[in-house]
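# Build me a structure from this.
(chains A and B)
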Amino acid sequence: MLSLATRSLFTDAKLRVVNGMDLKFLWLDIERFLLENELKIDRAIKKFVLATSLDDGRIVASAGLDENVIKCVCVDKKYRGTELSLKVGTEIVKQGLEARYDDLFLYTKQENSKKFRGWGFSPLVEIPGAVTFMEYNRNRLSDYLENLSRKKKEGGRVGSVVMNANPFTNGHRYLVERACRECDWVHVFLVKEDVSYFSYQDRLNLVREGLCDIANVIIHEGSDYIVSHVTFPQYFLKDDDQVNQQASAVDALMFRQYIGPALGITVRYVGTEPLDKTTRMYNRVLKKYLSESLCVQKSIQLEEIVRIKCDGKVVSASRVRELIKEHQYESVRPLVPCSTFAFIKQNFMSSDKKKDASS
Amino acid sequence: MKIKQRGIAGTLESSDILVVVSPDDGNEVQLMLQSKVEKQYGAAIRQLVTETLEKLGVTGVAVDVKDQGALDCVIRARVQAAVFRAAGENKVNFEVVS
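Alright, predicted model coming up:
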């Protein structure tokens, strides 16, 4: 265990960085400490910076790191107002940056956002009375937006679609086609996160192939700022307990305040969601934060398009994945474009055959 | 001096400065400064950081600086330490540094 015995003049606490097995041993202690301070531990955290009292070994401050998001930051009441918070802050920022992340993010209650400014974080979006979403490296977002705005196209009605496309189906195709008919230009954003059944690169290729014949569509690669584990953690967890409307509101506001204006987007298209609870909640929050007048940026209209059906069931990527797992490839054929089907045939059916041949 | 990896030096505590030096494409120095005393000393801090990097012969870096009101000698020392760490340099030539 790495121990940074920094004994300071004002507080008698020791900093340590814990991960792996050490973290498992200390997990309950950390959980108890956070509960005493009315915070819930986040099980996605892989690494903690802890300050422990030199007198009795009690935890007196904590900060957790889940990839590039800082979570569960807490300082014992007795130690608030000392420099302990900044020591913990320095260490967690170093841990994050040393892990090669170019940027760090955090969520905090609005009233605490000032403290994190002291850690060098700047606010990106604020949900009044609730959550503030902050970023460490101020340049990252502006660089990203500058790159985006190079692809800006003039038009009266500029549409947008954000999709995971895991994999790209006729449902996605229908949504984009519809948007392209109604708009001058349509920006398609692919979710970057590589935790899906199909890899990011495969998803991107299939989207490109599936949309190559439409002239007024622009495909953008994903980023931390659109439906990622950073802006929208629970989309990937799909856990009812974790469903947190405030985080999806952050994602919606990021779109409205930064990405939308950079490209002059006026409409966002989504499919109606009859099956998945998380996505349904997300659509509702999107509508509220994109189109209601909560902030200075122009509102973005939300168009909910009724999903297409095949044999009485809606076409969805999750159904395609189920069918692949059950090896019912012929039932996949009517649900996806030729390019996606060819990919599935090549990557899944052939490996099945090999397995059959070898067995 | 060739920057190979990310180098970090300093802290976020009062009167200190946290300097992060990362390799970057191109031959420029990209400086990003955030300071408590930006209005009063922003330009002076920028100049000091740039000069220190020039003395060490560093190009093609992104430098992120969070200043909490550090004195000039502290700023210089932190920038130097971050650069040495980023270059993986153990032997410090103090004649260049001073």
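
# where's the closest residue to chain B within the stretch 151-300 of chain A, which helix or strand?
Taking C-beta to the nearest C-beta, chain B has its nearest neighbour within the stretch 151-300 of chain A at A:D224, 16.6 Å off. Using the backbone N, CA and C atoms, a C-beta is placed for each residue, glycine as well. A:D224 belongs to no helix or strand when assigned by DSSP states H and E.

# Can you read off the pLDDT for it?
Model confidence at A:D224, given as pLDDT, is 87.

# same question, A:K354
So A:K354 comes in at 57 (pLDDT).

# mind listing the helices for chain B?
Using DSSP state H, the helices of chain B run over residues B:38-55, B:72-87, B:94-97.

# Domain-wise, how is chain A divided?
According to automatic domain parsing, chain A comprises the domains A:2-101, A:148-355.

# low-confidence ranges in the stretch 101-250 of chain A?
A:232-244 (pLDDT under 70).

# Within range of chain B, give me the residues from it.
With C-beta under 8 Å from any C-beta of the partner chain as the criterion, the stretch 101-250 of chain A meets chain B at residues A:D102, A:G118, A:W119, A:G120, A:S122, A:N137, A:R138, A:N139.

# residue in chain A nearest to chain B?
A:G120 (3.7 Å).

# Take the helices of chain B and lay them out in TSV including mean pLDDT, mean neighbour count and distance to chain A.
Formatted as TSV, the helices of chain B follow (pLDDT from 0 to 100; neighbours: other C-beta atoms under 10 Å in any protein chain shown; distance: least, C-beta to the nearest C-beta, whole Å):
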stretch	mean pLDDT	mean neighbour count	distance to chain A
helix B:38-55	95	15	12
helix B:72-87	94	20	10
helix B:94-97	68	10	23
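
# mind putting those in CSV, distance to A:E111 included?
What follows is the helices of chain B, written out as CSV (distance: least, C-beta to C-beta, whole Å):
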stretch, distance to A:E111
helix B:38-55, 24
helix B:72-87, 31
helix B:94-97, 44
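
# List the contacts of the residue in chain B positioned nearest to chain A.
Closest contact between chain B and chain A, by C-beta to the nearest C-beta, is at B:K66 (3.7 Å). Residues near B:K66 by C-beta atoms under 8 Å, 6 or more residues apart in numbering or on different chains: A:G120, B:L12, B:I17, B:L18, B:Q34, B:S35.

# how many neighbours does the second one have?
Meaning B:L12. Neighbour count of B:L12, defined by other C-beta atoms under 10 Å in any protein chain shown: 24.

# Just to check, it is in contact with A:L86?
Yes. At 4.9 Å, B:L12 counts as touching A:L86 under the criterion of C-beta atoms under 8 Å.

# if I look at these two, which residues touch both of them?
Shared contacts of B:L12 and A:L86, defined by C-beta under 8 Å, 6+ apart, comprise A:G118, A:W119.

# quick one: the strands in the stretch 1-150 of chain A?
A:2-4, A:13-19, A:47-53, A:59-66, A:69-75, A:105-109, A:122-126, A:131-135 (DSSP state E, counting those that start in this stretch).

# what's the angle between the longest one and strand A:47-53?
An angle of 170 degrees separates the directions of strand A:59-66 and strand A:47-53 when computed by axes from the mean of the first three to the mean of the last three C-alpha atoms, to 10 degrees.

# what does strand A:59-66 rub up against?
With C-beta under 8 Å, 6+ apart as the criterion, strand A:59-66 contacts A:11, A:13, A:26, A:29-30, A:33-34, A:41-42, A:44-53, A:70-76, A:78-79, A:84-85, A:88-89, A:91-92, A:95-96, A:99, A:229, A:233.

# need the contact list for A:I219.
Per C-beta under 8 Å, 6+ apart, neighbours of A:I219: A:V188, A:L190, A:L204, A:V207, A:R208, A:L211.

# hmm, 7 Å instead?
Residues near A:I219 by C-beta atoms under 7 Å, 6 or more residues apart in numbering or on different chains: A:V188, A:V207, A:R208, A:L211.

# likewise A:I265?
A:V158, A:S160, A:H187, A:I300.

# where does it fall, phi/psi-wise?
Main-chain torsions, A:I265, degrees, to the nearest 10: phi -80, psi 130.

# about what we covered before: look up the closest residue to the residue of chain B closest to chain A, ignoring the ones flanking it.
A:G120 (3.7 Å; C-beta to C-beta, 6 or more residues apart in numbering or on different chains).

# so the closest residue in space to A:R333 that isn't next to it in sequence, which of the three states?
Counting by C-beta to C-beta, 6+ apart, A:F341 is the residue found nearest to A:R333 once chain neighbours are left out, at 5.6 Å. Classification of A:F341 using DSSP: H, G, I helix; E, B strand; the rest coil returns helix.

# number of nearby residues for A:F341?
18.

# pLDDT at it, what is it?
92.

# repeat for A:S350
The per-residue pLDDT reported for A:S350 equals 69.

# and the residue of the stretch 151-300 of chain A closest to chain B, what does it touch?
Applying C-beta under 7 Å, 6+ apart, the residues contacting A:D224 are A:D103, A:V230.

# Could you list which of the contacts of A:I219 belong to helices?
Counting by DSSP H, the contacts of A:I219 contribute A:V207, A:R208 to helices.

# Would you mind listing which of the contacts of A:I219 are buried?
Among the contacts of A:I219, the ones that count as buried by 16 or more other C-beta atoms under 10 Å in any protein chain shown are A:V188, A:V207, A:L211.

# Return the closest of the residues you listed with respect to A:Y289.
Closest approach to A:Y289 among the buried ones among the contacts of A:I219 (C-beta to C-beta): A:V188, at 20.8 Å.
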